[in-house]
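S.K.: Output the structure for:
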Amino acid sequence: MLGVFYLCGLFNGFSINYNVFYKSYISKLHILAIFLVVLITELIRYCLWLNLNNNKKNKMNILAKVIMIINYVLIDYIIIGEGCDFTSRYEIINLLLTFFIPSLTKNLFLDYTVQKYGYASNLWYRLIMDLYVYFIPVIPDVNIFIKTMVLSVFPYFLYVSLENIYGKDTKKIQNIKKKNIFVSVITLIFFVVLVYLISCQFTYSMIAIGSESMQKTINKGDAVVYKAYKDEKLSEGEIIVFRQGNRIIVHRIASVIENEDGEQAYITKGDANLNEDNWIVTKKNILGIVKFRILLIAWPSVLLNEWL
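M.R.: Numbers count the residues shown, from 1 in each chain. Prediction:
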C-alpha cells in the first residue's frame, strides 16, 4: 500500500521529508525512542494475547482487549500523531477522521496478526507503514482524505486476504472464503466510489447539505453530487455549488448578469429563502453544477458537525 502512495506521487508530486533531512543529535535520540516504544508495544500486545489465550474467554478478557486497543491508539497519537487544538471543532473532526479511525482499524488488524504470526510480523508491518517517515527522504503529495480512507480499509482487505490464503482447506472454509471475497469486492467498490466523490479531486464530487435554505428541493441531511465547473455557460434555474468566503453554498441561479469586466455572473437564491442572496457569484467562485441528490445520507456528518 505504501508503494501505491509513492506511485501516486509520480502524478501528484513529492514533498521533502524534513524528518530525514534535518536530523539533529536530539532528534536521533527521539527516533530511537519511538522505535523502542513501537517494539515494547508489540511485545506487550503479544504477551497480553498469550495471557488471555491461556484463560477462558469472559467479559473481563473482552474489557481488557478494549482497554488495550484504546491504549495502543493513544500511544500512536503520542509517537506519530500531530498536535491538535481541542477547542477547535474543525481540528477535532480532522483528527478523528485522519488519525484515530485509521489507527483503530490498524490496531484491530495487528491484534489479529499477533495471534496468527507473532510479534515479528507486526514489527515489520509498523516499520513499513508507520515509521517510513524517518528514513525515506521524500513523501508523496496524496490527498489527505484519500490517504485516510485507504489506510482505514487497507487492514480489513489485508485480513481477508490472509484468511483466504492461509485458512484451513475445508468445504466450510471455502464457502466462507467465497462470501468474504464477495463482501470484499462490494466493500471495495463502495469505498472507491466514496473516495472518488468525497475527495473532490475528480470530475464528480459530493457535498453534505447542512442548512435548510434549499428545503423541499434539497433537504438538510441530504447530499448532492455535482460535476466540476469547466467554465461553461450556465442558465437561470440551474443549481450550483460555489464558494462564498469560507463557506461552500448550494443555491439556484436566480438570474444571469454581466459583471464590471463584461463576464457572465450570477445572482443566486435558496429555494426556501424569501430574498435573493446579497452577493454576486463569479466564475472563479463556482465549484460545480448539481446533478442529483442522495436522500438523508449526510445526516451523520451534519449531526457530528453540529454536536462539535
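S.K.: low-scoring pLDDT stretches of the stretch 51-200 of the chain, where are they?
M.R.: 55-60, 81-90, 143, 165-184, 187-188, 195, 199 (pLDDT under 70).
S.K.: So which residues of it form helices?
M.R.: With helices called from DSSP state H, counting those that start in this stretch, the stretch 51-200 of the chain shows them at 59-79, 89-95, 101-117, 119-129, 144-166, 171-198.
S.K.: Show me what counts as buried in the second one.
M.R.: Same thing as helix 89-95. Across helix 89-95, burial judged by 16 or more other Cβ atoms under 10 Å covers Leu95. From N, CA and C alone the C-beta is placed, and that goes for glycine too.
S.K.: What is that helix packed up against?
M.R.: Contact partners of helix 89-95 among helices and strands, from 3 or more Cβ pairs under 8 Å, 6 or more residues apart in numbering; DSSP states H and E: helix 299-307.
S.K.: if I pick the residue nearest to Ile144 when sequence neighbours are not counted, what's in contact with it?
M.R.: Leaving aside its sequence neighbours, Ile144 sits nearest to Thr98 (Cβ to Cβ, 6 or more residues apart in numbering; 5.9 Å). Taking Cβ atoms under 8 Å, 6 or more residues apart in numbering as the criterion, Thr98 is in contact with Ile144, Phe145, Lys147, Thr148.
S.K.: And these, which of them are buried?
M.R.: So, of the contacts of Thr98, Phe145, Lys147, Thr148 end up buried under the neighbour-count rule (16+ other Cβ under 10 Å).
S.K.: with those in mind, which one is nearest to Ile257?
M.R.: Within the buried ones among the contacts of Thr98, the smallest distance to Ile257 is 35.3 Å, found for Phe145 (Cβ to Cβ).
S.K.: any idea how far that closest one is from Leu96?
M.R.: Taken as Cβ to Cβ, to the nearest Å, the spacing of Phe145 relative to Leu96 amounts to 13 Å.
S.K.: now Tyr117
M.R.: Per Cβ to Cβ, Tyr117 is found 30 Å from Leu96.
S.K.: and what of Asp271?
M.R.: Between Asp271 and Leu96 the distance is 33 Å, computed by Cβ to Cβ.
S.K.: now Asp277
M.R.: With the distance defined as Cβ to Cβ, Asp277 ends up 32 Å from Leu96.
S.K.: More neighbours: the two, which one.
M.R.: The residue with more neighbours, out of Asp277 and Leu96 and counting by other Cβ atoms under 10 Å, is Asp277; that gives 18 against 13.
S.K.: That one and Ile253 touch, don't they?
M.R.: No - contact between Asp277 and Ile253 fails when scored by Cβ atoms under 8 Å: they sit 10.5 Å apart.
S.K.: residues shared between the contacts of these two?
M.R.: Residues touching both Asp277 and Ile253 comprise Ile267, Thr268, with contact defined as Cβ under 8 Å, 6+ apart.
S.K.: Which strands and helices lie in contact with the strand ranked longest in the chain?
M.R.: Using DSSP state E to define each element, the chain has its longest strand at strand 247-258. Here strand 247-258 touches strand 239-244, strand 264-269, going by 3+ Cβ pairs under 8 Å, 6+ apart.
S.K.: can you redo these as a markdown table with mean neighbour count, mean pLDDT and distance to Val160?
M.R.: Formatted as a markdown table, those follow (neighbours: other Cβ atoms under 10 Å; pLDDT from 0 to 100; distance: least, Cβ to Cβ, whole Å):
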| stretch | mean neighbour count | mean pLDDT | distance to Val160 |
| --- | --- | --- | --- |
| strand 239-244 | 19 | 96 | 37 |
| strand 264-269 | 19 | 95 | 47 |
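S.K.: how about these, which one is nearest Gly288?
M.R.: Shortest separation from Gly288 across those is recorded for strand 239-244, at 4.7 Å, computed as Cβ to Cβ.
S.K.: Walk me through which strands the closest one pairs with, and which way each runs.
M.R.: Strands adjacent to strand 239-244 in the sheet, as given by DSSP bridges, are strand 247-258 (antiparallel), strand 286-294 (antiparallel).
S.K.: buried stuff in stretch 139-146?
M.R.: Buried residues in stretch 139-146, counted by 16+ other Cβ under 10 Å: Ile139, Pro140, Val142, Phe145, Ile146.
S.K.: what about the second one, distance to Ile128?
M.R.: If I follow you right, that is Pro140. When Cβ to Cβ is the yardstick, Pro140 and Ile128 sit 15 Å from each other.
S.K.: what do you get for the third one?
M.R.: Spatial separation of Val142 from Ile128 under the definition Cβ to Cβ is 16 Å.
S.K.: Average pLDDT for stretch 270-283, rounded please.
M.R.: For stretch 270-283, mean pLDDT rounds to 94.
S.K.: now the end-to-end length of it.
M.R.: Looking at stretch 270-283, the gap from its leading to its trailing residue is 19 Å under the measure Cα to Cα, to the nearest Å.
S.K.: how far does stretch 127-137 sit from the chain's center?
M.R.: Taking the mean of its C-alpha atoms, stretch 127-137 sits 20 Å from the chain's own mean (Cα atoms, centre = their mean, to the nearest Å).
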